[in-house]
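Engineer: return a 3D structure for these sequence lines:
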Amino acid sequence: MNLILPFLAAYVLGSIPFGMILTRITGAGDLRAIGSGNIGATNVLRTGRKGLAAATLLLDLAKGFAAIALVRHFWPGAEAAAAGGAVIGHCFPVWLRFRGGKGVATTAGVCFGLGWPIGLAYAAVWLAVLAIVRISSLGGMLAAIAAPAAALAFGYREYAPTLAAIALLVLWLHRANIARLMAGTEPKVGSKG
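Structural biologist: Residues are numbered from 1 along each chain as shown. Alright, predicted model coming up:
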């Protein structure tokens, strides 16, 4: 029970589908019928509304951070369970029949919540890859892989196993992107593909 309640609380926070909520209330349509059908910021960008995509990114990041902060306050020591709960909530929200996003922004928020050096390493890798190759999926995957390494490097060893599991989940959810990367057909940010 010491881990179940914090996990569930973080799951509920993580499962708030900000991308879908924002596109609906602004009249941009049903996000699940646009582009990849994903509820994350990259798919929101496909609506042509950069402001909505930025808001989705920030809110998805914020819910990951908030989940860790909430659990640290009420159940100190259960932050790793909260990290898993928040990301799983985003990727598999019960409200959307377990069809959510791919967890990149929420994982960023979780990393900042667990320890700012982990968050900075995550953000640095994500933004550097995005700036160099302009492929959102590649930046997200490499950032997720960097997170457990950063946890080990910066003295947050207790979070490394959870972050490694999250990285595996992020990679699995990007399996179609990986196939397109290997085929050279993965679209770049700003392209019409």
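Engineer: elements contacting the helix or strand bottoming out on mean pLDDT in the chain?
Structural biologist: Ranked by mean pLDDT, DSSP states H and E, the helix or strand of the chain with the weakest confidence is helix 41-45, at a mean of 75. The contact analysis (3 or more C-beta pairs under 8 Å, 6 or more residues apart in numbering; DSSP states H and E) places helix 41-45 against helix 18-25, helix 50-74. For glycine as for every other residue, the C-beta is placed from the backbone atoms N, C-alpha and C.
Engineer: least reliable of those by average pLDDT, please.
Structural biologist: Mean pLDDT per stretch puts helix 18-25 lowest among those, at a mean of 85.
Engineer: just the angle between that one and helix 50-74, please?
Structural biologist: Following axes from the mean of the first three to the mean of the last three C-alpha atoms, to 10 degrees, one obtains 130 degrees for the angle between helix 18-25 and helix 50-74.
Engineer: now for helix 18-25, which elements pack on it?
Structural biologist: Using 3+ C-beta pairs under 8 Å, 6+ apart, helix 18-25 sits against helix 41-45, helix 50-74.
Engineer: of those, which is nearest residue 32?
Structural biologist: helix 41-45 (8.9 Å; C-beta to C-beta).
Engineer: wait, doesn't residue 85 sit right on residue 5?
Structural biologist: No: counting by C-beta atoms under 8 Å, residue 85 sits too far from residue 5 to count as a contact (9.9 Å).
Engineer: ok, the two, which is more surrounded?
Structural biologist: residue 85 (28 against 15; other C-beta atoms under 10 Å).
Engineer: what's near enough to touch that one?
Structural biologist: 6-11, 14, 67 (C-beta atoms under 8 Å, 6 or more residues apart in numbering).
Engineer: same thing but at 10 Å, please
Structural biologist: Applying C-beta atoms under 10 Å, 6 or more residues apart in numbering, we find residue 85 in contact with 3-15, 67-68, 71, 78, 110.
Engineer: the residues you listed in helices, which ones?
Structural biologist: 4-14, 67-68, 71, 110 (DSSP state H).
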